[in-house]
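Undergrad: pasting a predicted model and its sequence here:
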Amino acid sequence: MKILLDECVPQQVRHALPGHVVVTAQKMGWAGLGNGDLLATAEQAGFEVFVVADKNLRYQQDLSSRRIAILELWTNHRPTLERHFPKILAAVERIKAGDYMAMEGPGRAE
């Protein structure tokens with residue numbers, strides 16, 4: 001799967017996703033793009049999943065016509081995320097095109 005990490009997501013999250021092509025928005029030269037433009041550009045480039053830590057994205061954008069799946073992490077704190085890489089990988093592997101999945105922190109229901 002081709003996965004894009006948003007600017008606010010630590011680049012180390014790519015290590016949670018072995019077997020997938022994982023690229024950061026910065027590496028693509030898309031740093032600073034607004035969310036709407038970033039989503040459209042990512043879809044045009046063939047990305048299938050967009051990983052964010054922005055809890056407001058779903059309220060700021062009309063996602064109803066998006067093909068790209070969006071995975072919202074519960075935090076952008078790198079050490080916390082590193083302890084939960086298997087949970088992140090499992091979420092990516094079950095997300096479907098056009099889905100919006102908000103992951104809950106440890107100890108909470110998804």
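TA: It's in. Residues are numbered from 1 along each chain as shown.
Undergrad: name the nearest residue to R58, sequence neighbours excluded.
TA: Y100 (5.6 Å; C-beta to C-beta, 6 or more residues apart in numbering). C-beta: built from backbone N, CA, C; applies to glycine.
Undergrad: show me what contacts that neighbour?
TA: Contacts for Y100 (C-beta atoms under 8 Å, 6 or more residues apart in numbering) come out as 58, 63, 69-70, 72.
Undergrad: now, which of those residues lie within helices?
TA: Judged by DSSP state H, helices contain the following of those: R58.
Undergrad: just to revisit the earlier point, ok, now how distant is the residue nearest to R58 from F50?
TA: 10 Å (C-beta to C-beta, to the nearest Å).
Undergrad: again, but for A91
TA: A91 sits at a distance of 13 Å from F50 (criterion: C-beta to C-beta).
Undergrad: also A31?
TA: In terms of C-beta to C-beta, A31 sits 14 Å off from F50.
Undergrad: neighbour-wise, which of these two wins?
TA: Using other C-beta atoms under 10 Å, the more surrounded residue of A31 and F50 is F50, with 24 against 12.
Undergrad: sec struct for the more buried one, please.
TA: Following DSSP: H, G, I helix; E, B strand; the rest coil, we place F50 in the strand state.
Undergrad: tell me the contacts of it?
TA: With contact set as C-beta under 8 Å, 6+ apart, F50 has these partners: 3-4, 6, 38-39, 42, 68-71.
Undergrad: rerun that using 6 Å as the cut-off
TA: With contact set as C-beta atoms under 6 Å, 6 or more residues apart in numbering, F50 has these partners: 4, 42, 68, 70.
Undergrad: okay, the third one: pLDDT?
TA: Spelled out, that is I68. pLDDT recorded at I68 is 95.
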